[in-house]
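Visitor: sequence plus the predicted model coming up.
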Amino acid sequence: MNSLTDRDDAAGIAAVVVTYESASTIEQCLQRLRAAHGVVEIRVVDNQSSDDTLDVVQRHAIADARVRFIANPDNPGFGVACNQGGITASAPWLAFVNPDCLVEVDTFTRMQALIPAGTRMLLGADLVDEQGVRDGAARRHDPDFAAMLAAVLRGRSPPSLDVPIDDAQSLQPVEAISGALMLMPRALFQHIGGFDEGYRLHAEDLDLCRRARAAGAQIAVANAVRVLHVRGVSSRSRPLFVEWHKHRGLWRYFRKFEAPQRSIGQQVLVMLAIMARFPLAWWRARRRCR
């Protein structure tokens with residue numbers, strides 16, 4: 001693949017999986033990826049798991065030469081680990097897959113088949129939980145910080161980023177997709193410089209999608225391609241950590257994309273709005289984890 005617009009329907013896919021305390025799902029995840037059509041490389045990057053995650057990964061690496069792994073001595077963050085996996089892969093396509101996402105045999109080939117020839121596209125799937133409930137975060141708007149600020153000032157919940165599902169479209173254009181599962185040409189990933197490693201956890205997918213759009217790529221969801229997403233496996237035991245980094249990520253996103261067009265006063269108000277949103281989000285996350 002020599003340019004961003006070159007396309008080969010039969011092109012191989014490198015699946016990149018970032019793990020952290022993922023022992024409960026990584027076995028199934030890797031089994032599914034090894035069976036998936038089109039997958040020629042599997043790169044697992046572990047961020048200092050203390051459970052049996054690496055034992056499972058090592059067993060798969062021994063059984064299948066496509067599986068290689070990096071065991072980080074610390075936890076440098078999701079974006080750093082994604083880049084580590086993406087850089088070590090050589091296949092023309094990259095699929096970033098959470099360890100709690102369980103793909104089907106034809107997931108990636110069906111997604112590839114939907115991408116029009118000559119189109120630069122970052123593509124997501126229809127994510128569903130164990131009860132078949134569809135994940136609204138699979139289709140998202142860019143964060144609207146003015147609306148967030150207005151909601152906080154009125155004592156209301158911030159507006160959702162979720163985009164309504166339109167099943168009439170096999171490819172639904174959106175501004176952003178979930179980082180739980182992303183398929184893109186490796187050339188596009190390289191062109192935009194991969195993930196921004198300044199995000200520790202969360203919002204790096206919003207950032208990646210925004211930069212991909214700025215580079216001329218389209219963002220879309222394959223509405224008919226469903227993937228099981230076992231939600232929150234590695235984050236249920238640490239809601240404070242997760243919510244803190246969600247809000248830290250939002251602030252970084254704002255500073256990067258929105259702050260240059262805002263006055264100092266507006267920037268301070270947005271920072272306060274993000275801070276005010278954090279305690280309620282943490283409390284709700286704690287309740288979900290009980």
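Guide: Now that the structure is in, tell me what you want to look at.
Visitor: any buried residues in stretch 215-235, and which?
Guide: For stretch 215-235, a neighbour-count test (16 or more other Cβ atoms under 10 Å) marks 217-223, 225-231, 233-235 as buried. Placement of C-beta: from N, CA and C, glycine included.
Visitor: oh, that last question was meant for stretch 45-61, not what I typed.
Guide: 45-47, 49, 53-54, 56-57, 60-61.
Visitor: quick revisit: taking the buried residues of stretch 215-235 one by one, which sit in strands?
Guide: 218-223, 225-229 (DSSP state E).
Visitor: returning to what we had before: out of the buried residues of stretch 45-61, the closest to Val97 would be?
Guide: Using Cβ to Cβ, the shortest approach to Val97 within the buried residues of stretch 45-61 belongs to Val45, at 11.7 Å.
Visitor: kindly reformat the ones in strands among the buried residues of stretch 215-235 as CSV containing distance to Ala150 and pLDDT.
Guide: Listed next are these as CSV, based on distance: Cβ to Cβ, whole Å; pLDDT from 0 to 100:
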residue, distance to Ala150, pLDDT
Gln218, 30, 98
Ile219, 26, 99
Ala220, 29, 99
Val221, 28, 99
Ala222, 34, 99
Asn223, 31, 98
Val225, 36, 98
Arg226, 35, 98
Val227, 35, 98
Leu228, 37, 98
His229, 31, 97
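Visitor: residues near Ala273, how many?
Guide: If you count neighbours by other Cβ atoms under 10 Å, Ala273 ends up with 20.
Visitor: which parts of the stretch 151-290 of the chain are helices?
Guide: Secondary structure of the stretch 151-290 of the chain by DSSP state H, counting those that start in this stretch: the helices cover 186-191, 204-214, 239-257, 264-289.
Visitor: and of the ones in strands among the buried residues of stretch 215-235, the nearest to Pro260?
Guide: So of those, ranked by how close each gets to Pro260 (Cβ to Cβ), first place is Ile219, at 22.5 Å.
Visitor: got the contact list for that closest one?
Guide: 121-124, 173-177, 209, 212-213 (Cβ atoms under 8 Å, 6 or more residues apart in numbering).
Visitor: report the beta-bridge partner residues of it.
Guide: Going by DSSP bridges, Ile219 is paired in beta bridges with Leu122.
Visitor: buried ones in stretch 16-30?
Guide: Within stretch 16-30, judged by 16+ other Cβ under 10 Å, the buried ones are 16-23, 25-30.
Visitor: re the thing from before, and which of the ones in strands among the buried residues of stretch 215-235 is nearest to Gly194?
Guide: Using Cβ to Cβ, these come closest to Gly194 at Ile219, 16.3 Å.
Visitor: please tell me how far that closest one sits from Arg211.
Guide: For Ile219, the distance to Arg211 (Cβ to Cβ, to the nearest Å) stands at 11 Å.
Visitor: sec struct for His60, please.
Guide: Of the three states, His60 takes helix under DSSP: H, G, I helix; E, B strand; the rest coil.
Visitor: just confirm it contacts Leu30, I think it does.
Guide: Yes - the pair His60 / Leu30 is scored as a contact, 4.7 Å apart, by Cβ atoms under 8 Å.
Visitor: intersection of neighbour lists for those two?
Guide: Listed contacts common to His60 and Leu30 are 42, 67; contacts here mean Cβ under 8 Å, 6+ apart.
Visitor: state the distance from the nearest residue to Arg248 once chain neighbours are set aside to Ala137.
Guide: For Arg248, ignoring the flanking residues on the chain, the nearest one in space by Cβ to Cβ, 6 or more residues apart in numbering is Arg200 at 6.7 Å. Distance, Arg200 to Ala137, by Cβ to Cβ: 18 Å.
Visitor: that older thread, same list (the contacts of Ile219) but as TSV, adding pLDDT and distance to Ala89.
Guide: Shown next, in TSV, are the contacts of Ile219 (pLDDT from 0 to 100; distance: Cβ to Cβ, whole Å):
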residue	pLDDT	distance to Ala89
Met121	98	19
Leu122	98	16
Leu123	99	17
Gly124	99	19
Pro173	98	27
Val174	98	26
Glu175	98	27
Ala176	98	23
Ile177	98	20
Cys209	98	20
Ala212	99	18
Arg213	98	23
